[in-house]
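Q: Give me coordinates for this.
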Amino acid sequence: MNIKKILFLLLITVISHPVYAGSSDAVIQCKSGSGRTTLTFLDQDIQGHFQGGTFTIDKKSIQYLPQYNSKTNKNNPYSWMTVNMKEGVYTLVYNDNKNFLNFYALPSTMKKKKKEGKEAYYTFNGIVEWRSSDPRSTSILRKKIWLGCTLSYSI
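A: Numbering: from 1, shown residues only. Sure, this is the predicted structure:
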């Protein structure tokens, strides 16, 4: 194999792997109007790499595992995210053996704001779908929950 092919293959290999050095997590914090419900989770570099979170209703919580398990060096099949902040698209689906969460932002409410010390700061309205697990019981939610959310990111 000639040197150009080797260098090309090496370049493709390096580019195709995500780089996490120097990156940080975006913090998504959501709260219902009544304050009884909160959803907080982390997203690696606003790239759709779920880093774990907590869903709480009436002081009862569900903890969600990160997409990447550093103990086993494997990706967990538990979470899927779609992120396109420019278009206002932000979704999270989490599913393990015990819990299910379906969360999404309403694109028309996605607003980028300037905030001191933040690379990115957004406010938006989000919804936890009724099929999601209810932290207060072993059943699903009976209705969707509307939340006011912020996403903040700093390097």
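
Q: Against T82, how distant is S23?
A: As for S23, its distance to T82 is 19 Å (criterion: Cβ to Cβ, to the nearest Å). To be clear about C-beta, it is placed using only N, CA and C from the backbone, and glycine gets the same treatment.

Q: Neighbour count: the two, which is higher?
A: Counted by other Cβ atoms under 10 Å, S23 and T82 do not tie: S23 has more neighbours, with 14 against 11.

Q: Show the backbone phi and psi for the nearest residue to the more buried one once chain neighbours are set aside.
A: Once flanking residues are discounted, S23 sits nearest to D45: 4.4 Å by Cβ to Cβ, 6 or more residues apart in numbering. Phi and psi for D45, reported as degrees, to the nearest 10, are phi 60, psi 20.

Q: Could you pull up the residues touching D45?
A: When contacts are counted by Cβ atoms under 8 Å, 6 or more residues apart in numbering, D45 touches Y20, S23, S24, D25, A26, Y153.

Q: for D25, same thing?
A: Going by Cβ under 8 Å, 6+ apart, D25 touches L42, D43, Q44, D45, Q51, Y153.

Q: Okay, and which of those residues map to helices?
A: Secondary structure from DSSP state H places none of the contacts of D25 in helices.

Q: Which one (most neighbours) among those residues?
A: Within the contacts of D25, D43 tops the neighbour count with 22 neighbours, counted by other Cβ under 10 Å.

Q: Distance of the closest residue to that residue other than its chain neighbours relative to L141?
A: Sequence neighbours aside, A26 is the residue nearest to D43 in space, at 4.4 Å (criterion: Cβ to Cβ, 6+ apart). Distance, A26 to L141, by Cβ to Cβ: 25 Å.

Q: L42 now?
A: Separation of L42 from L141 (Cβ to Cβ): 23 Å.

Q: three-state assignment of K86?
A: The local conformation at K86, judged by DSSP: H, G, I helix; E, B strand; the rest coil, is helix.

Q: typo on my end, Q47
A: Under three-state DSSP, Q47 falls in the coil class.

Q: residue ranges for the strands of this structure, please.
A: For the chain, applying DSSP state E gives strands covering 25-31, 37-44, 50-57, 60-64, 68-69, 74-75, 79-84, 89-95, 100-105, 111-112, 120-128, 145-153.

Q: got the CA positions of the fourth one in CSV?
A: Included here for strand 60-64 are C-alpha records, laid out as CSV according to Å, rounded to 0.1, in the frame of the first residue of the first chain:
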residue,chain,number,x,y,z
LYS,A,60,-40.1,11.1,43.6
SER,A,61,-37.3,10.6,41.1
ILE,A,62,-36.0,8.4,38.3
GLN,A,63,-32.3,8.4,37.5
TYR,A,64,-31.2,7.9,33.9
